[in-house]
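Asks: generate coordinates for the sequence data below:
(2 chains)
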Amino acid sequence: MSELTPEPLRDSRRRFLGWLTGLIAAIITILAGVPLVALFVSPALKRGKELWVDLGPVKTVPPNEPTAFTFSYQRVDGWLQTMVYGTAYAVRPTSESLFVLSNICTHLGCPVRWSDKARSFLCPCHGGIFDIDGKVVGGPPPRPLPRYRFRAVKGVLQIRIEQG
Amino acid sequence: MGIASVFRSLLAWIDDQTQLISIIHHFLSEPLPRKVGWPHIFGSAALFLFLLQAATGIFLMAYYSPAPDHAYETVQYVTYQLWFGRLVRGLHHWGASLMLAMVGLHMLQVYVWGAYKRPRQVIWIAGVFLLLVTFGLGFTGYLLPWDQKAYWATVVGTNIAGSIPVVGAAVRELIRGGQLVGAITLTRFFAVHVFIFPAVLAALIVFHIYQLRRRGLTPPWARVGEEEGIPKPLLFYPDQALKDAIFALALLVGLLLVSWRFGAPTEPVANPADTAYVPRPEWYFLWLFELLRFFPAKWEFVGAIVLPALAVVLLILYPYLDDNPERRLRKRPFSIALALFIFLGVSALGVEAVITTPREKPLTPLEKRGQKVFLDQRCNACHGINGRGGTAGPDLARSAPLERERVEKVLVDPTFFNPRSIMPRTKLPPAQMKALVAYLVGLTSTSHMPLTPQVGPRKPLSHQEQNWFANHKFAVLEDPKQCTECHKPSFCQSCHQNRRPDSHLHDWMKFHAGASASRPAYCQVCHEKSFCDRCHHQALHTADWLERHAAVGLRNPQLCSDCHAPGFCASCHRGAVPISHGPNWLQRHGHVEQKDCAACHSKDFCASCHHGAIPASHGAGWLQRHSQANQKDCALCHSKDFCTACHHGAIPASHGAGWLQRHSQANQKDCAVCHTKDFCTSCHQGARPASHKDNWMARHGEASMKDAKVCATCHEQAFCSSCHGLPMPHPQDWVQTHHQYVTSTKLAPDSLCSRCHKPDFCAPCHG
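Replies: The predicted model follows:
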């Protein structure tokens, strides 16, 4: 520090200028900070479009026979667009009711397959067994098979896919 | 205890633990001489902008991928899909230019105020390196968006490094990470730009500011060595800090406005194959770019490397070379003149570079209208102008010079020159066509595609590759669903209306059934369901097709030609007549079962010839007129039997009075229309009728007496009288009138009567 110290300034003037400097600094921080923070949180907060994917005609699902449908859709992953392929099982326990099961085993994610002989969904990886409703009846899976939200539009069964 | 006192206690505790508060306090309380004020804001401004660049850069980096496959798309993603992405990118782009401007202004201010002189030479030298690193940040950051300007500017810039004699090629390869500007160039530039240079810059800034604090700010205009005793009544904080803050706020507001309005300019994605692109560097390199033009190729490195290097060396050494203790301007004529010379020289080079940039020639009013038509018609969806625009069609500014007539011909009928062209026809009123043609013919290498608002969703990067147009069919084949995510079938039709896809050639009609059954999604990319119904609804060859096909084929002939070659119909039909309608059909057809006719013909069909049961041609008075008709026309419908069905009995008008006598003079061909040969020989044998054989002369009297009408069929009264000398056969009043011919009741043997009558024939009446 220099030997020649500054002239003592009135505290109030110095405080005011200091306060003004601080205010301007705060304005700068907000003006620059808001766009930056918004940019950073944008992908987390921006909800993807609701996506309904066609499976097939509803009337091709017979009662009590899980019917496999393959589907594909373009998944938007940030700036990447990739085609995703999947299988879903439509089950009609009675002629009036219907639900659509995912074929992904809840144990470690292997694809399950309906076996007519066993009347169950069987997982080839670790022996998980699910009944026609998707409930676990054997093996290590911890939860029942997930169900898709579905709807029928002009006779075509559709499932809802969550886009990131 | 209030919040303020709690806060103060907290700060006291932090200071006690770390001494940080005291250090900051000491830093902010720097005493400053009088006359330090607004001219001294540029250093802080440069620092503020560096911090802004760092902040915006870090947040942009959260989304950026430094690989040629992804770089452009991530930048597009940030710009168009994230909140404030465009603004932040703009801040970073324009902030870079502003930072360089502030660094330059700061250097200029320091130079003019003589603050580089003893004892602050090292601060100046650090500043020179700060300037160089800032240039380096600009150069490395430029490549990261991986657009055309980025790529080609880097190619040119690294080529300049390559112009150094002996080591140039090695230096260039080192910078590029290989022979070409590519993926490795991008990743190393990214590493240098986000880490190495900022770290070096931060270190230099800390050194620079530390040394400045050590020496204190130069008292304005004080002589070297005479700084002691100059009062320092001001404090950095808040006196100078407020000015710095106000200026920083002004810069930030300016940047925000420019970024909001203009965003960051982006060109199309880098295309290494596009050698026609003319790159121009950013404004802070323009002077160097222009300087190179003064040197022939072999000596380019002198202008590119040697002179700038010498300038840097001069800058570094200048504080030591300039031993004039004076800081006041009028006492430093040489320094000021040198500064002015360099400043003006560099500015002049920059201005000249700007002036000599080839500019697009202004459009005439007609061309302007043509440009509007061009954009309204969306020609730019397929055609580029100097590299910007679609890639399906040729680049209109880079193809061969366009001739007016040819351009108009292609617009009206694109298949005229190339039958396989996919370009749709352009239908325009004459005035608009003239304007469009004028615009197209006037395109040159400096023309540019006007920016247009985006229509529809953004193109994925795959669609911006040069070969997408040729290769998209493989993507469709691989997975049709990825197309239908974005495109409706009508999109495909816009190109394929003129030209079937290559897959739909060569017996496609035969194979399409199998293809559509196994992969319906493949058809659905291009065709709506109604397209299939067009054939399958109308022209599906069901069991009743034979009955229906004539009606469908007549209504819609091209439907049949989709499947059948032209000769196919002739396999059943000959001309317009089916095989079943063989020879004499017109004569025979009246006898065919009507339900068989209905198999092919509607009722209207018969009525086209017939009116009721009678053809329309056989109108009123036909029976009377029909003999005048062309007998060939009769033969179209009627066989010979048809005529004799009427004419056995009723005599045709041609066989008028005296026909039997005259008929031998008629043309025998005409007879044959109605009469077969049998008909004539039924009367005649040779020249005489057959009946008049076998001693006819002796018998004929008896025959005539049996049925005189038969004789009258052929012979007139005069025929008999010519032999008999008497009216033969005898008329009804013969009994009263015969005495005129007979002189005696006893018939003489040579009398006319005795030819027929016995001598005693008269006796029963005459006694």
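Asks: quick one, domains of chain A?
Replies: Domains of chain A are assigned by automatic domain parsing as A:1-46, A:51-161.
Asks: just the ones you listed: most buried one?
Replies: domain A:51-161 (a mean of 16; mean count of other Cβ atoms under 10 Å in any protein chain shown). All C-beta atoms are positioned from the backbone trio N, CA, C, and that covers glycine.
Asks: that one close to chain B?
Replies: Yes. Domain A:51-161 is in contact with chain B by Cβ under 8 Å from any Cβ of the partner chain, via A:72-74, A:78-81, A:83.
Asks: mind putting these into a markdown table with secondary structure, pLDDT and distance to residue B:551?
Replies: A markdown table is the format used below for the residues of domain A:51-161 next to chain B (DSSP: H, G, I helix; E, B strand; the rest coil; pLDDT from 0 to 100; distance: Cβ to Cβ, whole Å):
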| residue | secondary structure | pLDDT | distance to residue B:551 |
| --- | --- | --- | --- |
| A:72 | strand | 84 | 43 |
| A:73 | strand | 84 | 44 |
| A:74 | strand | 80 | 45 |
| A:78 | coil | 82 | 58 |
| A:79 | coil | 82 | 56 |
| A:80 | strand | 82 | 55 |
| A:81 | strand | 78 | 49 |
| A:83 | strand | 78 | 46 |
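Asks: and after the helix or strand hosting residue B:711, which helix or strand comes next?
Replies: Assessed by DSSP states H and E, residue B:711 sits inside helix B:708-714. Going down the chain from helix B:708-714, the next helix or strand is helix B:717-724, by DSSP H and E.
Asks: how far does that next one sit from the chain's center?
Replies: 99 Å (Cα atoms, centre = their mean, to the nearest Å).
Asks: returning to that earlier point: the domains of chain A: lowest mean pLDDT?
Replies: Here the domains of chain A differ in mean pLDDT, and the lowest is domain A:1-46 at a mean of 82.
Asks: helices of chain A, start to end?
Replies: Under the criterion DSSP state H, chain A contains helices at A:11-45.
Asks: wait, I meant the stretch 401-550 of chain B
Replies: Assigned helices in the stretch 401-550 of chain B, in chain order: B:404-412, B:430-441, B:468-478, B:481-484, B:489-496, B:508-518, B:520-524, B:529-538, B:545-555 (criterion: DSSP state H, counting those that start in this stretch).
Asks: what's the closest of the ones you listed to chain A?
Replies: helix B:481-484 (4.7 Å; Cβ to the nearest Cβ).
Asks: which segments of chain B make up each domain?
Replies: Per the record, chain B has its domains at B:35-223+B:231-355, B:365-452, B:573-615, B:638-680, B:684-766, by automatic domain parsing.
Asks: what about residue B:524, how many neighbours?
Replies: If you count neighbours by other Cβ atoms under 10 Å in any protein chain shown, residue B:524 ends up with 18.
Asks: my guess is it meets residue B:483, correct?
Replies: No. In this structure, residue B:524 is not within contact of residue B:483 by Cβ atoms under 8 Å, at 9.4 Å.
Asks: which residues does residue B:181 contact?
Replies: B:143, B:151, B:154-155, B:158, B:272 (Cβ atoms under 8 Å, 6 or more residues apart in numbering or on different chains).
Asks: element containing residue B:213?
Replies: helix B:197-215.
Asks: whichever helix or strand comes after that helix pairs with which strands, and in what direction?
Replies: Later in the chain than helix B:197-215, the nearest helix or strand by DSSP H and E is strand B:234-235. Here strand B:234-235 has these sheet partners by DSSP bridges: strand B:31-32 (antiparallel).
Asks: could you give the average pLDDT over the partner strand?
Replies: For strand B:31-32, mean pLDDT is 88.
Asks: give the other helices and strands that the very next helix or strand once past that strand contacts.
Replies: The helix or strand immediately downstream of strand B:31-32 is helix B:42-61, counting by DSSP H and E. Contacts defined by 3 or more Cβ pairs under 8 Å, 6 or more residues apart in numbering or on different chains; DSSP states H and E place helix B:42-61 against helix A:11-45, helix B:85-112, helix B:197-215, helix B:241-262.
Asks: what would those look like in JSON lines with distance to residue A:95?
Replies: Converted to JSON lines, the helices and strands packed on helix B:42-61 look like this (distance: least, Cβ to Cβ, whole Å):
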{"stretch": "helix A:11-45", "distance to residue A:95": "43"}
{"stretch": "helix B:85-112", "distance to residue A:95": "51"}
{"stretch": "helix B:197-215", "distance to residue A:95": "68"}
{"stretch": "helix B:241-262", "distance to residue A:95": "60"}
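Asks: what's the closest of these to residue B:341?
Replies: Nearest to residue B:341, of all the helices and strands packed on helix B:42-61, is helix B:85-112, at 12.7 Å by Cβ to Cβ.
Asks: on that earlier part again, so which of the helices and strands packed on helix B:42-61 comes closest to residue B:725?
Replies: From the helices and strands packed on helix B:42-61, taking Cβ to Cβ, the stretch that ends up closest is helix B:85-112, at 134.0 Å.
Asks: so which residues of the stretch 301-450 of chain B form strands?
Replies: B:384-385, B:388-389 (DSSP state E, counting those that start in this stretch).
Asks: name the helices or strands packed onto the first one?
Replies: In this case it means strand B:384-385. For strand B:384-385, there is no helix or strand it packs on, judged by 3+ Cβ pairs under 8 Å, 6+ apart.
Asks: for the record, mean pLDDT for it?
Replies: The model assigns strand B:384-385 a mean pLDDT of 88.
Asks: so what are the sheet partners of that strand and their directions?
Replies: Its sheet considered, strand B:384-385 pairs with strand B:388-389 (antiparallel) by DSSP bridges.
Asks: which residues sit against the partner strand?
Replies: Taking Cβ under 8 Å, 6+ apart as the rule, strand B:388-389 contacts B:267-268, B:380-381, B:383, B:395, B:448-449.
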